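**Student:** With the sequence up front, the predicted model follows.
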Amino acid sequence: MQEREIEVKFLVKDLSAIEAKLKQAQARLLQPRMFEQNLRFDTPDRRLSQRGEVLRLRRDVHNLLTYKGVSSDDHGARSRVEIQTQVADFEATRRLFEALGYSVIMTYEKYRCEYEVDEGRISLDEMPYGNFVEIEAESAEKIQQLCQFLSLDWSKRVFYSYAELFSLIKDADQLETDDLSFETFKNWQGNLAHFSIFPADDE
């Protein structure tokens, strides 16, 4: 079954303040803070990347295989087809795709906590290069409402995926790695303002 993902993400300074607002509103906790490992696959000629598509294998409490189609703008939100399913064995799935000619072109880590409020999904993400809030809902209008509820500046939304942002950082800082990990970034002194990305909770 195909589903359309409509989402917006924001860089934030204080994730704990965002979480406090969610708890105060009695938002439903979907997933406690958890470490994620992600593998992104592509063909040797990077066919998926060139088309703007994503094939990803994630490991957290489950093993999740995801395909994302080409993204488009939906009233200021990012919209794309998303197809995903749980798989039983992470390593076996990786070997299966490698046997089919795909290879891992990028790995990335994050900590994620998820809440549901007013028919929207709020993800609190700790990435190696910063903290983000990702809001997913049935429409851009609903996302804007949730954005206002969380006191986030809509004009400061981030238009890049985490992988795209990593690519920008790699080019700017001349990093020779495809490993977006906390270990790789432990001494990183960069500033996302270099890419016109500013905290949306900065009053």
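**Tutor:** Received it, and whenever you're ready, just let me know what you need.

**Student:** In whichever strand or helix holds residue 18, which residues are buried?
**Tutor:** Assigned by DSSP states H and E, residue 18 belongs to helix 15-24. Of all the residues in helix 15-24, those buried under the rule 16 or more other CB atoms under 10 Å are 15, 18-19, 22. Where C-beta positions appear, they are placed from N, C-alpha and C, glycine not excepted.

**Student:** Which helix or strand lies directly C-terminal to that helix?
**Tutor:** Helix 15-24 is succeeded, C-terminally, by strand 28-42 (DSSP H and E).

**Student:** Show me how far that following strand is from its chain's centre.
**Tutor:** Averaging C-alpha positions (CA atoms, centre = their mean, to the nearest Å) puts strand 28-42 9 Å from its chain's average.

**Student:** who does that strand touch, helix- and strand-wise?
**Tutor:** Applying 3 or more CB pairs under 8 Å, 6 or more residues apart in numbering; DSSP states H and E, we find strand 28-42 packed against helix 47-51, strand 54-59, strand 103-117.

**Student:** Rounded mean pLDDT for that strand, please.
**Tutor:** Averaging pLDDT along strand 28-42 gives 97.

**Student:** Let the chain start at 54 from now.
**Tutor:** In the new count, where the first residue is 54, that last one comes out as strand 81-95.

**Student:** If we go by neighbour counts, what in it is buried?
**Tutor:** In strand 81-95, counting by 16+ other CB under 10 Å, buried: 84, 89, 91-95.

**Student:** low-confidence ranges in the chain?
**Tutor:** 54-55, 256 (pLDDT under 70).

**Student:** what's the distance between residue 193 and residue 202?
**Tutor:** Distance from residue 193 to residue 202, counting by CB to CB, to the nearest Å: 15 Å.

**Student:** er, residue 141 I mean
**Tutor:** 38 Å.

**Student:** Neighbour count for these two, which is higher?
**Tutor:** Counted by other CB atoms under 10 Å, residue 141 and residue 202 do not tie: residue 202 has more neighbours, with 17 against 8.

**Student:** related to what we said a few turns ago, could you dump the buried residues of strand 81-95 to TSV with distance to residue 241?
**Tutor:** Below are the buried residues of strand 81-95 laid out as TSV (distance: CB to CB, whole Å):
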residue	distance to residue 241
84	27
89	19
91	19
92	22
93	20
94	26
95	25
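
**Student:** ok, those residues vs residue 184, which is closest?
**Tutor:** Using CB to CB, residue 89 comes nearest to residue 184 of those, at 14.4 Å.

**Student:** show me what contacts the closest residue to the closest one other than its chain neighbours?
**Tutor:** Closest residue to residue 89 apart from its sequence neighbours, by CB to CB, 6 or more residues apart in numbering: residue 113 at 4.7 Å. Residues near residue 113 by CB atoms under 8 Å, 6 or more residues apart in numbering: 84, 87-90, 165.
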